[in-house]
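Asks: have a look at this fold, sequence not included:
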C-alpha cells in the first residue's frame, strides 16, 4: 500500500505544474507570476532537492522509529529525485535557453550557480543508472560507496538554491539544516558501529 500511495504523491508536484500551465494558457488565474518560464524551472528544481532530502531521510527515520516499510520507498524516491532534476534541466534548456547549447556552455562556465547545479545533476546520473538490484549485485560493496555521492549532491543542491535566493534565505537555511542533520546522523552511525566492533574485539 505504501508504494502506490508514495508514487501518487510524488506525481502531485508535476501535476500541479501542468495545471498551472493550463491555467496560464487559458487565461485563468495562476501562481506562475510575471516570469512563468523561470518559475516553472525553479519549481521543478526545488522539488528535485526535496525528493533527494526525503530519500536520504528514509534510513534515519527507519532507525529512529523502527518503521521498516518506509525503506521500501527509498529507491522510488531516489528515482523521482532524478526525474524531477531531469525535468528541471530540460525546462531550463527549453524555456530559458530555447535549446541553445552555446548559451548552456557559457552559463556553465560563467555562472557559478549554474556550474554547481549542473555538477549536481551529473552526479545524479550514475546514481539513477545503478538504482536497481542488478547494479547492487554487480558492484557489491562499491555500490554503497558510489551512492554516498547523494550527500554531495544534497550539499551542492543547497548551495545552488542559496545562490538563487533573492529576498529570503529561509528555505535555503531549512534545507541546509536538514543536510547537516543527515551528515551528523551518518557520522554518529559510523562512530556507533565502530564502538560496537571495539566492544566485541577480544582483549
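Replies: Received the coordinates, thanks. For clarity, every value in this text was computed on a predicted model and none was experimentally measured.

Asks: OK, contacts around residue 37?
Replies: 91, 95, 96 (C-beta atoms under 8 Å, 6 or more residues apart in numbering). Yep, even glycine has a C-beta here, placed from its N, CA and C like the rest.

Asks: so what's the residue count around the last one?
Replies: Going back to what we said before, that points to residue 96. 16 (other C-beta atoms under 10 Å).

Asks: picking that back up, for the contacts of residue 37, give me CSV that also has distance to residue 32.
Replies: Below are the contacts of residue 37 laid out as CSV (distance: C-beta to C-beta, whole Å):
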residue, distance to residue 32
91, 12
95, 11
96, 14
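
Asks: sitting in helices, which of those do you find?
Replies: Members of these lying in helices (criterion: DSSP state H): residue 91.

Asks: next up, phi/psi of the residue nearest to residue 24 when sequence neighbours are not counted, please.
Replies: Spatial nearest neighbour of residue 24, chain neighbours left out: residue 30 (4.8 Å); criterion: C-beta to C-beta, 6 or more residues apart in numbering. Per-residue torsions, residue 30: phi -150, psi 170 (degrees, to the nearest 10).

Asks: again with the one 5 residues further on
Replies: Backbone torsions for residue 35, taken as degrees, to the nearest 10, come to phi -130, psi 80.

Asks: tell me which helix or strand residue 106 sits in.
Replies: Assigned by DSSP states H and E, residue 106 belongs to helix 101-110.

Asks: over to residue 75?
Replies: Assigned by DSSP H and E, residue 75 falls in helix 74-91.

Asks: could you tell me which residues within that helix count as buried?
Replies: Across helix 74-91, burial judged by 16 or more other C-beta atoms under 10 Å covers 74-89, 91.

Asks: what's the answer for stretch 156-170, then?
Replies: Buried, per 16+ other C-beta under 10 Å, within stretch 156-170: 156, 157, 158, 159, 160, 161, 162.

Asks: same question for stretch 31-41.
Replies: 32, 36, 38, 39, 40, 41.

Asks: the helix or strand where the last one lies to helix 74-91, inter-axis angle?
Replies: Taking DSSP H and E as the criterion, the element that holds residue 41 is helix 36-65. Here helix 36-65 runs at an angle of 170 degrees relative to helix 74-91 (axes from the mean of the first three to the mean of the last three C-alpha atoms, to 10 degrees).

Asks: shouldn't residue 161 be in contact with residue 173?
Replies: No - judged on C-beta atoms under 8 Å, residue 161 makes no contact with residue 173 at a distance of 10.0 Å.

Asks: can you list the weak-confidence ranges in the chain?
Replies: 189-203 (pLDDT under 70).

Asks: so residue 118 touches residue 111, yeah?
Replies: No - judged on C-beta under 8 Å, residue 118 makes no contact with residue 111 at a distance of 9.7 Å.

Asks: the more surrounded of the two?
Replies: residue 118 (18 against 13).

Asks: for the residue lying closest to residue 120 once chain neighbours are set aside, give its distance to residue 172.
Replies: Closest residue to residue 120 apart from its sequence neighbours, by C-beta to C-beta, 6+ apart: residue 156 at 3.9 Å. Look at residue 156 and residue 172: by C-beta to C-beta, to the nearest Å, they are 13 Å apart.
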